[in-house]
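give me a 3D structure for the following:
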Amino acid sequence: MSSDAASQTTPAIPEPGPLPEGMVVREAAKADVPALFALLQAEDLAATGESSLVVATVQHWFDSERARRRGVTRVLEREGEFVGLWRVYRNFDDKYWVQVAVDRRLPGATVDALWRAGLHWVEVTALAIADSLGVDRPRLDAWVCSDDALTRRHAEAAGYEQTRAFIEMQLELADYRGPAPDPQVTIRRADIDGPDSPDLRLMHALVTASFRDHFDFIERPYDEWVQNRLDDPLNDFTHWYIAAHDGVDVGALIGHNGYIEVDNAGYIANLGVLREGRGKGVAKALLHTSFARYAADGRVAVKLEVDAESPTGATHLYESVGMYRRMVGFDFFKWPRGKG
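Numbers count the residues shown, from 1 in each chain. Reported below is the predicted structural model:
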């Protein structure tokens, strides 16, 4: 549904509704990055007790032309003090990530008022963008951690529905020892030196085909998929692997630097195996290759997120190689104009 041509559209962004006395809303600027980072880190700590957020992620909102085109961010201030943010990001033309964060040290009534105003603003903003693109029935996506009662309460009150659970899993790498390799499965590091690299096209094909039967999968055209990767400041092509079974390429693993700075942990962003390669040890071989490499790099752990209802039984696969469940988060969806 998404296209860079369509993303050039610049709709009028709605003004916020009434706010508590003394509150000011304005467009976010690059100079706000330290304050945005501090607020979002505090929000993570309040929601989960920990945070792996890095400054580069927030900086990316302003440094990336693509992120600037697709994201709309407002900051909230009171007497010059930064107290919150509202953000909409167009992931696809009909799917919008929405985010509200408010300083939880404020009085409870003020926090609630800013949450209600924020969820209203992100909704009308997403609808304005969707209308400019000719999309009649967009979906709003919010993320709620399992122990975050505040976010859950406001999301449900605003009409969001809990739709899917995702489990963060982890393996400690101290004293990691991998199994003996399977002679029928060969793993190699993807050879990627630019957007036209054959292995990059192969990775796209393998991941796309592997995930077609997964929840909420939308196929991205090759050029858009590559641009997303190149635009990600934490992307790391050196941790991408391709698996073959009996000489036929059937699987791929994408590593990422999302947890290195704060947790000194590797991260597996995607692991996909074609139907014809499943049940043959391919996924386990990819995992152990990644584990061994992260251990050799000095990482203390490796993480990934998995759909709790994965049709491939991925949760059990990860447990079988020693990973354990750490925390759970939920996709909350809302269709303001009904489902398409």
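
ranges for the helices of the stretch 51-200 of the chain?
All helices of the stretch 51-200 of the chain, identified by DSSP state H, counting those that start in this stretch, fall at 55-63, 65-70, 108-132, 149-157, 198-211.

now those as JSON lines including mean neighbour count and distance to Gly298?
Backbone N, C-alpha and C define where each C-beta goes, glycine included. Shown next, in JSON lines, are the helices of the stretch 51-200 of the chain (neighbours: other CB atoms under 10 Å; distance: least, CB to CB, whole Å):
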{"stretch": "helix 55-63", "mean neighbour count": "18", "distance to Gly298": "20"}
{"stretch": "helix 65-70", "mean neighbour count": "15", "distance to Gly298": "31"}
{"stretch": "helix 108-132", "mean neighbour count": "19", "distance to Gly298": "40"}
{"stretch": "helix 149-157", "mean neighbour count": "17", "distance to Gly298": "35"}
{"stretch": "helix 198-211", "mean neighbour count": "18", "distance to Gly298": "26"}
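
I'd like these laid out as a markdown table, including distance to Phe237 and mean pLDDT.
As requested, those are arranged in a markdown table below (distance: least, CB to CB, whole Å; pLDDT from 0 to 100):
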| stretch | distance to Phe237 | mean pLDDT |
| --- | --- | --- |
| helix 55-63 | 17 | 97 |
| helix 65-70 | 18 | 95 |
| helix 108-132 | 31 | 97 |
| helix 149-157 | 34 | 98 |
| helix 198-211 | 8 | 97 |
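
Serialize these to a markdown table and add fields for distance to Ile242.
Listed next are those as a markdown table, based on distance: least, CB to CB, whole Å:
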| stretch | distance to Ile242 |
| --- | --- |
| helix 55-63 | 27 |
| helix 65-70 | 27 |
| helix 108-132 | 37 |
| helix 149-157 | 38 |
| helix 198-211 | 6 |
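
can you pull the contacts of the residue lying closest to Val262 once chain neighbours are set aside?
Distances taken as CB to CB, 6 or more residues apart in numbering place Ser52 nearest to Val262, at 4.7 Å, with adjacent residues excluded. Going by CB atoms under 8 Å, 6 or more residues apart in numbering, Ser52 touches 44, 258-259, 262-263.

for these, which one is nearest Phe237?
Of all the contacts of Ser52, Gly258 has the smallest distance to Phe237: 14.4 Å, by CB to CB.

ok, the nearest residue to the closest one once chain neighbours are set aside to Gln99 distance?
Sequence neighbours aside, Tyr267 is the residue nearest to Gly258 in space, at 4.6 Å (criterion: CB to CB, 6+ apart). Tyr267 sits 21 Å away from Gln99, taking CB to CB, to the nearest Å as the criterion.

those two: which is more packed in?
A count of neighbours by other CB atoms under 10 Å puts Tyr267 above the other of Tyr267 and Gln99, at 24 against 19.

counting by contacts, list what the helix or strand that that one is a member of packs against.
Using DSSP states H and E, Tyr267 maps to strand 265-273. Applying 3 or more CB pairs under 8 Å, 6 or more residues apart in numbering; DSSP states H and E, one finds that strand 265-273 makes contact with helix 198-211, strand 248-256, helix 282-296, strand 301-307.

mind listing the strands for the stretch 1-150 of the chain?
Assignment of strands within the stretch 1-150 of the chain using DSSP state E, counting those that start in this stretch yields the ranges 23-27, 71-78, 81-92, 95-102, 139-145.

okay if I get the ones you listed as TSV plus distance to Asp236 and mean pLDDT?
Converted to TSV, those look like this (distance: least, CB to CB, whole Å; pLDDT from 0 to 100):
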stretch	distance to Asp236	mean pLDDT
strand 23-27	32	97
strand 71-78	23	97
strand 81-92	22	97
strand 95-102	23	98
strand 139-145	23	98
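
of the ones you listed, which is nearest Trp335?
Judging the strands of the stretch 1-150 of the chain by CB to CB, what sits closest to Trp335 is strand 139-145, at 5.4 Å.

where are the low-confidence patches of the stretch 151-300 of the chain?
Judged by pLDDT under 70, the stretch 151-300 of the chain has no weakly predicted residues.

wait, the residue nearest to Gly258 touches Glu261, no?
No. Contact between Tyr267 and Glu261 fails when scored by CB atoms under 8 Å: they sit 11.1 Å apart.

partners of the helix or strand where Phe333 lies in the sheet?
Assigning secondary structure by DSSP H and E places Phe333 in strand 324-334. Strand pairing for strand 324-334, determined by DSSP bridges: strand 139-145 (antiparallel), strand 161-172 (antiparallel).

got the buried residues for it?
Applying a neighbour-count criterion of 16 or more other CB atoms under 10 Å, one finds 327, 329-334 buried in strand 324-334.
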